[in-house]
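**Student:** what's the 3D shape of this:
(one chain, ligands or ions: 1)
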Amino acid sequence: MKRSKGLLLVLLAVFAILLLAACGSTAVTPDPNAPKPSNSGGTGKALTLTGDPVAGKEIFDRTCATCHGSEGTGGVENSGAAEEVPELKPADEFYNADPAVFAANLDLFIEHGSKPEGDNPTLSMPAFGDDGTLTAQQIADVIAYVISLNKK
Ligand code: HEC
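**Tutor:** The predicted structure follows:
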């Protein structure tokens with residue numbers, strides 16, 4: 001009796017450690033050196049889902065390309081802003097060789113949106129996650145597509 005109680009405790013301890021390890025591994029943090037959006041907030045549920053780059057291209061073409069250019073190559077004027085709308089290919093400061101970190105860098109902008117620098121920007125990055133314009137799965141898909149555009 002005493003022995004089986006000890007075994008039970010050991011099993012419980014092992015289970016608790018495994019559970020903690022599983023939780024820790026799902027938390028992906030963006031690169032602290034990558035640019036951050038003007039709107040605050042953490043990463044979204046999209047980062048826990050698997051994105052489909054083919055579905056992501058369709059979403060990109062109808063939702064993002066007007067501002068970021070076809071295939072994210074930029075060249076879109078933004079009067080009243082300090083710069084043109086940024087291109088997403090190449091992703092420059094956003095790029096990370098670790099796809100999970102790269103995804104987290106992109107996710108913050110897509111979830112919360114951002115107002116660019118300048119007196120009165122005509123175009124601002126919409127908050128697709130916070131506004132509910134895109135679902136978590138759609139955000140995961142569009143992230144997978146932007147990552148595929150930047151494959152080296
Ligand atoms: C109405 C125009 C508009 C639309 C639509 C738009 N964006 Fe943006 N996006 C911007 C602007 C403007 C910025 C620059 C924000 C800043 O400088 O703070 C930006 C910034 C970004 C950034 C950060 C890049 C950088 O270099 O600063 C990412 C990533 C991004 N957008 C992804 C997307 C994706 C993905 C979509 C479609 C789901 C999308 N955007 C749709 C205007 C738009």
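**Student:** low-scoring stretches of the chain, by residue?
**Tutor:** Low-confidence segments of the chain (pLDDT under 70): 1-3, 7-27.
**Student:** what residues does it put near the ligand?
**Tutor:** Selection of the chain residues close to the ligand by Cβ under 6 Å from any ligand atom yields 35, 37-38, 63-64, 66-68, 78, 85-86, 88, 94, 106, 109-110, 114, 116, 123-126, 128, 142, 146. Where you see a C-beta, it was placed from the backbone N, CA and C, and this is true even at glycine.
**Student:** any of those buried? List them.
**Tutor:** For these, a burial check counting by 16 or more other Cβ atoms under 10 Å picks out 37, 63-64, 67-68, 78, 85-86, 88, 94, 106, 109-110, 114, 116, 123-126, 128, 142, 146.
**Student:** in the protein, which residue is most central in space?
**Tutor:** The residue lying closest to the centre of the chain (Cα atoms, centre = their mean) is residue 107, at 1.8 Å.
**Student:** pull the distance from the helix or strand containing residue 55 to the chain's centre.
**Tutor:** Following DSSP states H and E, the helix or strand that holds residue 55 is helix 53-63. With Cα atoms, centre = their mean, to the nearest Å as the basis, helix 53-63 stands 15 Å off its chain's centre.
**Student:** what's the answer for stretch 38-55, then?
**Tutor:** Distance of stretch 38-55 from its chain centroid, counting by Cα atoms, centre = their mean, is 4 Å.
**Student:** how about that stretch: buried residues?
**Tutor:** Going by neighbour count (16+ other Cβ under 10 Å), the buried part of stretch 38-55 is 39, 43, 44, 46, 47, 49, 51, 52, 53, 55.
**Student:** which ones among those residues map onto helices?
**Tutor:** Residues of the buried residues of stretch 38-55 located in helices (DSSP state H): 53, 55.
**Student:** so which of the buried residues of stretch 38-55 are in strands?
**Tutor:** Assigned to strands by DSSP state E, none of those qualify.
**Student:** quick check: the nearest residue to residue 45 once chain neighbours are set aside vs residue 142, distance?
**Tutor:** The shortest distance from residue 45 to any residue other than its chain neighbours is 4.1 Å, reached at residue 136 (Cβ to Cβ, 6 or more residues apart in numbering). Note on residue 136: its distance to residue 142, by Cβ to Cβ, to the nearest Å, is 11 Å.
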